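A.B. asks: sequence below, structure please.
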Amino acid sequence: MTWNELTIWQYQQIYPIVTKPEKDWTNLDVESKLVGIIYNLTDTQVDSLSIQQFNNLRATLSFLDDKIEGKPVKYTEVNGKRYRFVYDVQQIKAARYIESKVFSTDLINNLHKLAASMVMPQRKTWYGRWVNDTYDAAKHSEYAADLQASNFVHVYHSVVFFYQVYRNWIEVSQAYLIQEMMSKGMSPESAQEAVQILCSTLDGNIAPNLLPTTKISQLTKAMNFQQSSS
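C.D. replies: Next up is the predicted model:
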């Protein structure tokens, strides 16, 4: 098992369990939850595993200690659809920037929504070629739902790269953004305020610490100790 085999949804479930488990959970509870999420098993199915089966699956959790290697990608395919990541900031409408401010308040849980604001849906032609479709803002939640089921590493590194470019571009393009927002009916004062808000989007949050790298190792050592003592 590797990071590259997880979906965005799985990562979003893993994160709170590793970083802030319930107070009354034991190490075994935590690892059982992680095994269930990673292997798409219910709590009942995990409880029904033999000790050997559970230990074999638990041993694969070590990948959570690994650095999340990867790079931005051009496309991601999921549910029979394909989405193209747009890294040219000027191709993104101002309204989609404003969405990102809201979503970035909870970066982990909204990672798929952030991604949905920076992609272009594509469609396959009758002769099998993928071409850009029209971005429909009303379908943002549909795009986000697709992306939540897509490859975690692809989406994460693409979003991080985009927002590094995005943050820098906003700094040097404030006049353009104000004009763009005013063309949509915003007053000069409101447009100026919106740009200032955008300038603070994701400050200090561009590349979040995804998981404490020693947490799984500590859990595994504790579990091994408990078993050897029993």
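A.B. asks: CA atoms for contacts and neighbours, from now on please.
C.D. replies: Noted.
A.B. asks: how far off centre is stretch 131-151?
C.D. replies: Distance, stretch centre to chain centre, for stretch 131-151: 14 Å (Cα atoms, centre = their mean, to the nearest Å).
A.B. asks: how long is it from one end to the other?
C.D. replies: Stretch 131-151 has an end-to-end distance of 21 Å (criterion: Cα to Cα, to the nearest Å).
A.B. asks: ok, now stretch 106-125?
C.D. replies: End-to-end span of stretch 106-125 (Cα to Cα): 37 Å.
A.B. asks: list the buried residues in stretch 122-131.
C.D. replies: Of all the residues in stretch 122-131, those buried under the rule 16 or more other Cα atoms under 10 Å are 122, 123, 130.
A.B. asks: Throw those residues into TSV and include pLDDT, secondary structure and distance to residue 19, thanks.
C.D. replies: As requested, the buried residues of stretch 122-131 are exported to TSV (pLDDT from 0 to 100; DSSP: H, G, I helix; E, B strand; the rest coil; distance: Cα to Cα, whole Å):
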residue	pLDDT	secondary structure	distance to residue 19
122	95	strand	36
123	92	strand	39
130	92	strand	40
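A.B. asks: pLDDT value on the spatially closest residue to residue 119 that is not a sequence neighbour, please?
C.D. replies: With Cα to Cα, 6 or more residues apart in numbering as the criterion, residue 119 has its nearest non-adjacent residue at 4.5 Å, and that residue is residue 85. For residue 85, the model assigns a pLDDT of 91.
A.B. asks: from what I can see residue 85 touches residue 77, true?
C.D. replies: No: judged on Cα atoms under 8 Å, residue 85 makes no contact with residue 77 at a distance of 11.1 Å.
A.B. asks: who has more neighbours, these two?
C.D. replies: Remark: of residue 85 and residue 77, residue 85 carries more neighbours, 23 against 15, as counted by other Cα atoms under 10 Å.
A.B. asks: report the buried residues of stretch 8-24.
C.D. replies: Across stretch 8-24, burial judged by 16+ other Cα under 10 Å covers 8, 9, 10, 11, 12, 13, 14, 15, 17, 18.
A.B. asks: and what of stretch 20-37?
C.D. replies: Using 16+ other Cα under 10 Å as the test for burial, stretch 20-37 gives 27, 30, 31, 32, 33, 34, 35, 36, 37.
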